[in-house]
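In: Show me how the following folds:
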Amino acid sequence: ERRYVTIEGVEYDVTDFKHPGGSVIYYMLSNTGADATEAFKEFHYRSKKARKALAALPHKPVDAATREPIEDEAMLKDFAQWRKELEREGFFKPSPAHVAYRFAELAAMFALGTALMHARWHVASVIVYSCFFGARCGWVQHEGGHNSLTGNIWWDKRIQAFAAGFGLASSGDMWNNMHNKHHATPQKVRHDMDLDTTPTVAFFNSAVEENRPRGFSKLWLRLQAWTFVPVTSGMVLFFWMFVLHPRNALRRKSFEEAAWMFSAHVIRTAVIKAVTGYSWIASYGLFAATMWASGCYLFAHFSTSHTHLDVVPSDKHLSWVRYAVDHTIDINPNNSVVNWLMGYLNCQVIHHLFPDMPQFRQPEVSRRFVPFAKKWNLNYKVLTYYGAWKATFGNLNDVG
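Out: Numbers count the residues shown, from 1 in each chain. Purely as a prediction, here's the structure:
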């Protein structure tokens, strides 16, 4: 069977196309009733290469007589106009000063963690290394993956490789492959990788039945509200560090990413050894503790923005705006402390609408989105930081 995607009223044959971004392209096939217009625009906003590749594919205009009506077509046209207004006002323009600030912050946090380790304040050092260096490397690599840091795709990918590799001993490329599936279809069963998490954790009532079969433990799932942050989240990062991401780097022959990941294990352990005088084994143990805590901080915060919301059946398609508004939330975007703690990932609705927008600009856009949401009767949800945690743990407990 031939496979097609529809973008701006043109149908493209992607049957023989090897998509650089992976299988996420199959989430938007017009064969299944999807329209890929907004997804293509937002994922490839800064990529001339993507436009050239698209133009080279076999294509034809969609037959207006047989075309299925696009869900929310009028709203999507208005959304496109609003996006153009934001673009004219500079909301998609990267800031070199902000990028410099983010790097200075990472350097300062690494230095502070090292100083605390030298003073033998082990717990404080692990907290700083994990929550304020490792996790913030996670925020930076995430933004690099969306090409919204410098606006230069090549440089953003280099930054991502460093931040993911040295900061989290992980692969930015593997992250992108998984994360883009979440962005394309948040909360969609068998599509959003953030939901396909059994048997380690179940975020919705039918997760065991509807996710890929891997077995499960009733006792483990009953306790998941208690184990998710301190056990599961750290365990997931370890699986990434030691299995999934190195395997991906070797398979793709990504020597840059492999080098950065290896440097995290060696250089960061060597720094701890140098300032404490401990053995290599003890120093690596402290490094491992920082990585476990980084996973706890990162994955717990990621989960607060959508995992407690309704899921989308695997055979249902929604419009780009509906996915963002109905299946993610914003978390107190007017609070600068929350913005900092979550690396601007508290503005998930806006981030899903505009993944290519520099994330420090999103709190202002969240305020501007309110009139648009009211105009189209959208259920734009904003929770407090506490409310988001309560919803997340309440859902984990209820599902368990």
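
In: quick check, distance from the helix or strand V99 falls within to the centre of its chain.
Out: Assigned by DSSP states H and E, V99 belongs to helix 96-118. The chain centre lies 22 Å from the centre of helix 96-118; the measure is CA atoms, centre = their mean, to the nearest Å.

In: For it, buried residues please.
Out: For helix 96-118, a neighbour-count test (16 or more other CB atoms under 10 Å) marks 99, 102, 106, 109-110, 112-114, 116-117 as buried. Quick note: C-beta positions are derived from backbone N, CA and C, even for glycine.

In: List the buried residues in the worst-scoring helix or strand of the chain on mean pLDDT.
Out: The least trusted helix or strand in the chain, going by mean pLDDT, DSSP states H and E, turns out to be helix 207-210, with a mean of 87. The neighbour-count check on helix 207-210 (16+ other CB under 10 Å) flags 207-208, 210 as buried.

In: quick revisit: would you mind giving the buried residues of helix 96-118 as CSV with pLDDT and distance to L149 added?
Out: Supplementary listing: those in CSV, determined by pLDDT from 0 to 100; distance: CB to CB, whole Å:
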residue, pLDDT, distance to L149
V99, 98, 6
R102, 98, 8
L106, 98, 13
M109, 98, 18
F110, 99, 19
L112, 99, 23
G113, 98, 23
T114, 99, 25
L116, 99, 28
M117, 98, 29
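
In: Which single one of the residues you listed is nearest to T392?
Out: M109 (25.5 Å; CB to CB).

In: Might you list the low-confidence residue ranges for this protein?
Out: Across the chain, the ranges flagged by pLDDT under 70 are 65-66.

In: Residue ranges of each domain in it, please.
Out: Using automatic domain parsing, the domain parsing of the chain gives 4-70, 96-303, 320-399.

In: Quick one: these as CSV, columns for distance to E87 too.
Out: Below are the domains of the chain laid out as CSV (distance: least, CB to CB, whole Å):
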stretch, distance to E87
domain 4-70, 9
domain 96-303, 13
domain 320-399, 9
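
In: what's the closest of those domains to Q81?
Out: Across these, closest to Q81 is domain 320-399 (CB to CB), at 10.1 Å.

In: and that closest one, how far out from the chain's middle?
Out: Worked out by CA atoms, centre = their mean, domain 320-399 lies 14 Å from the chain centre.

In: can you map out the strands along the stretch 1-150 of the chain?
Out: Remark: strands assigned in the stretch 1-150 of the chain by DSSP state E, counting those that start in this stretch are 4-7, 10-13, 59-61.

In: Quickly find the element holding the residue nearest the centre of the chain.
Out: Among the residues of the chain, the one closest to the centroid is H179, at 4.8 Å (CA atoms, centre = their mean). H179 is located in helix 172-184, with elements delineated by DSSP H and E.

In: Now that helix - C-alpha only, CSV.
Out: This file holds the C-alpha atoms of helix 172-184, laid out as CSV (Å, rounded to 0.1, in the frame of the first residue of the first chain):
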residue,chain,number,x,y,z
GLY,A,172,20.5,13.6,21.9
ASP,A,173,19.7,11.8,18.7
MET,A,174,17.9,9.0,20.6
TRP,A,175,16.1,11.6,22.6
ASN,A,176,14.9,13.3,19.5
ASN,A,177,13.7,10.1,17.9
MET,A,178,11.5,9.3,21.0
HIS,A,179,10.5,12.9,21.9
ASN,A,180,9.3,13.9,18.5
LYS,A,181,6.7,11.1,18.7
HIS,A,182,5.4,12.6,21.9
HIS,A,183,5.2,16.0,20.2
ALA,A,184,3.4,14.7,17.2
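
In: Show residues contacting it.
Out: Contacts to helix 172-184, defined as CB atoms under 8 Å, 6 or more residues apart in numbering, come from residues 21-24, 27-28, 39, 43, 141-142, 144-145, 157, 160-161, 163-165, 191-194, 240, 244-245, 248-249, 252, 254, 257, 352, 355.

In: Take these and keep only those in helices.
Out: In this view, the contacts of helix 172-184 that belong to helices under DSSP state H are 39, 43, 141-142, 144-145, 157, 160-161, 163-165, 245, 248-249, 257, 352.

In: Just the buried ones among those, please.
Out: Neighbour counting by 16+ other CB under 10 Å classes 39, 43, 141-142, 144-145, 157, 160-161, 163-165, 245, 248-249, 257, 352 among those as buried.

In: still on that earlier bit, mean neighbour count and distance to A270 added to the strands of the stretch 1-150 of the chain, as TSV?
Out: Formatted as TSV, these follow (neighbours: other CB atoms under 10 Å; distance: least, CB to CB, whole Å):
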stretch	mean neighbour count	distance to A270
strand 4-7	23	48
strand 10-13	17	50
strand 59-61	12	54
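
In: if we take the buried residues of helix 207-210, which one ends up nearest to K273?
Out: Closest to K273, out of all of these and judged by CB to CB, is A207, at 42.5 Å.

In: Not counting its neighbours along the chain, what's nearest the closest one?
Out: T198 (5.1 Å; CB to CB, 6 or more residues apart in numbering).

In: Could you measure from that neighbour over to N177?
Out: T198 sits 20 Å away from N177, going by CB to CB, to the nearest Å.

In: Would you agree Y45 is in contact with E87?
Out: No: in this structure Y45 lies outside contact range of E87 using CB atoms under 8 Å: 9.3 Å.

In: neighbour count winner among those two?
Out: Between Y45 and E87, Y45 has the larger neighbour count (other CB atoms under 10 Å), namely 19 against 14.

In: check contacts around that one.
Out: Counted by CB under 8 Å, 6+ apart, Y45 has contacts 92, 147, 356.

In: do that again at 10 Å, thanks
Out: 83, 87, 92, 146-148, 151, 354-357 (CB atoms under 10 Å, 6 or more residues apart in numbering).

In: I'd like those laid out as CSV, including distance to F216.
Out: Shown next, in CSV, are the contacts of Y45 (distance: CB to CB, whole Å):
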residue, distance to F216
R83, 42
E87, 46
F92, 43
H146, 33
N147, 37
S148, 37
G151, 44
F354, 37
P355, 32
D356, 37
M357, 38
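
In: filter the residues you listed to the buried ones?
Out: Using 16+ other CB under 10 Å, the buried members of the contacts of Y45 are 83, 92, 146-148, 151, 354-357.
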